[in-house]
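> Sequence first, then the predicted structure:
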Amino acid sequence: MVVSFDSTFDTSTIDFTDIDLAVGGTDRTLAANCVGTEQMGVAVSSDVVTFTVCAGDGGVIAASGVVTIEIGTNATAGVAGDAQIR
């Protein structure tokens, strides 16, 4: 899943610790990559946030799944976010 922001937004300080992703109200575990047991990998580059489902770790999103994404200091699951989009 890819979320693209207009170039007028500054995402240069955002990383996976500043992002929460929940499906049906249940937070997914996130990391910068899929090396461990996290459910999704998250990469931020050039105003684009890319979410990758980690194989075998339960991160699959059903077609009917309701996805909620929080970015910035309101992202509190796992590690509390400390940077915001400007």
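Good, I have the coordinates. What you are looking at is a predicted structure, and each value in this text was computed from that prediction instead of being measured.
> burial measure for the spatially closest residue to residue 48 that is not a sequence neighbour, as a count.
Leaving aside its chain neighbours, residue 48 sits nearest to residue 4 (5.0 Å; criterion: C-beta to C-beta, 6 or more residues apart in numbering). To be clear about C-beta, it is placed using only N, CA and C from the backbone, and glycine gets the same treatment. If you count neighbours by other C-beta atoms under 10 Å, residue 4 ends up with 11.
> What distance do you get for residue 4 to residue 83?
18 Å (C-beta to C-beta, to the nearest Å).
> Give me the phi and psi for residue 68.
phi -120, psi 130 (degrees, to the nearest 10).
> pretty sure it contacts residue 26?
No - under the criterion of C-beta atoms under 8 Å, residue 68 is not in contact with residue 26, lying 9.9 Å apart.
> before we move on, back to that, so what's the residue nearest to residue 48 up against?
Taking C-beta atoms under 8 Å, 6 or more residues apart in numbering, we find residue 4 in contact with 47, 48, 49.
> Just the ones of those residues in strands?
48, 49 (DSSP state E).
> Pipe the contacts of residue 4 into TSV and attach distance to residue 37, pLDDT and neighbour count per row.
Formatted as TSV, the contacts of residue 4 follow (distance: C-beta to C-beta, whole Å; pLDDT from 0 to 100; neighbours: other C-beta atoms under 10 Å):
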residue	distance to residue 37	pLDDT	neighbour count
47	29	94	17
48	25	96	12
49	21	97	22
